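Enquirer: I would like to see how this sequence folds:
(one chain, ligands or ions: 1)
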Amino acid sequence: MHRSTNTGECLVCFKSVLNGLNLFELIVYDDVLCGYCRKQLVQLNQSYDVNGLSVYAFYRYNKVLEKWMYQFKENKDETLGKCFIYNLKRWIEWEYRGYVLVFVPSSIEKTRERGFLPLSSLFSSITLDRRDCLVKDNIKQSKLNRMERSEIQSYIHLYDESIRLCPKVLLVDDVCTTGASLKACYDLIKTKDNLVKICVIGLNESWIR
Ligand SMILES: [Zn+2]
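Expert: Below is the predicted model of the structure:
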């Protein structure tokens with residue numbers, strides 16, 4: 001199939017996506033960010049040990065990613081959300097073929113406040129099967145700040161246990177900070193018979209060595 005070249009506006013700076021490219025990049029470029037803005041994200045594309053879990057991370061969670069993620073999630077800029085995995089779609093679908101996507105849940109209150117599901121929106125272009133099976137109780141922000149890492153486990157529940165029968169599950173979160181939510185979800189889904197892989201968009205710097 002002929003590769004289409006995106007010649008539109010960058011989702012961040014609104015200038016031509018062709019800005020900041022060298023000659024080779026100009027020929028093959030297919031992105032929703034211009035060269036300058038894309039280079040502000042630091043790609044990792046490898047696995048890291050997060051409290052004993054193997055977590056595959058696409059980007060370092062730097063100030064730029066933090067700002068764009070906030071703009072996407074809290075200012076409901078769903079279009080900007082496209083930039084995070086636009087250039088990774090084919091790799092994700094190939095690498096995780098046969099896996100069922102499960103998203104780390106946001107609380108019902110937070111979801112109501114936002115009016116959309118950020119992770120579901122982020123991965124909307126990915127053609128893997130997905131399953132809603134986890135739910136998170138409402139936690140007051142003041143409590144969340146004081147909460148012990150291990151405590152978060154009591155706030156996340158598995159309401160559809162049939163996911164544990166799926167042989168391959170891909171657990172996904174947008175940002176991995178302490179890894180506590182991922183660990184809680186992983187423990188709920190993992191059995192001795194299934195394979196549960198984890199990937200995140202952004203990984204906190206403290207896990208990167
Ligand atoms: Zn730009």
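
Enquirer: the residue nearest to Ala57 when sequence neighbours are not counted - how many residues pack around it?
Expert: In this structure, Ala57 finds its nearest non-sequential neighbour in Leu203, 3.6 Å apart by CB to CB, 6 or more residues apart in numbering. Quick note: C-beta positions are derived from backbone N, CA and C, even for glycine. For Leu203, the count of nearby residues is 27 (other CB atoms under 10 Å).

Enquirer: and the closest residue to Leu88 other than its chain neighbours, helix, strand or coil?
Expert: Of all residues not flanking Leu88 in the chain, Phe58 sits nearest, at 6.2 Å (CB to CB, 6+ apart). Following DSSP: H, G, I helix; E, B strand; the rest coil, Phe58 is assigned to strand.

Enquirer: how far away is Phe58 from Asp174?
Expert: 10 Å (CB to CB, to the nearest Å).

Enquirer: show me the chain divided up by domain.
Expert: The chain breaks down into these domains under automatic domain parsing: 1-40, 42-207.

Enquirer: what strand or helix carries Glu78?
Expert: For Glu78, there is no enclosing helix or strand under DSSP states H and E.

Enquirer: looking at the residue nearest to Arg164 when sequence neighbours are not counted now. What's its pLDDT?
Expert: In space, and not counting its chain neighbours, Arg164 is closest to Thr191: 5.1 Å by CB to CB, 6+ apart. We have a pLDDT of 97 for Thr191.

Enquirer: could you do Glu151 as well?
Expert: 80.

Enquirer: and Ser4, by the same measure?
Expert: Note on Ser4: pLDDT of 45.

Enquirer: Ser54 now?
Expert: 98.

Enquirer: list the contacts for it?
Expert: 47-48, 197-198 (CB atoms under 8 Å, 6 or more residues apart in numbering).

Enquirer: farthest-apart pair in the residues you listed, please.
Expert: Tyr48 and Lys197 (13.1 Å; CB to CB).

Enquirer: shared neighbours of these two, anything?
Expert: With CB under 8 Å, 6+ apart as the test, Tyr48 and Lys197 both reach 54, 56.

Enquirer: and the residue nearest to Arg164, helix, strand or coil?
Expert: Of the three states, Thr191 takes coil under three-state DSSP.

Enquirer: repeat that for Asn45.
Expert: Assignment for Asn45 (three-state DSSP): strand.

Enquirer: give me the next element, helix or strand, following the worst-scoring helix or strand of the chain on mean pLDDT.
Expert: One helix or strand of the chain scores below all others by mean pLDDT, DSSP states H and E: helix 141-146, with a mean of 63. Using DSSP H and E, the helix or strand that follows helix 141-146 towards the C-terminus is strand 156-158.
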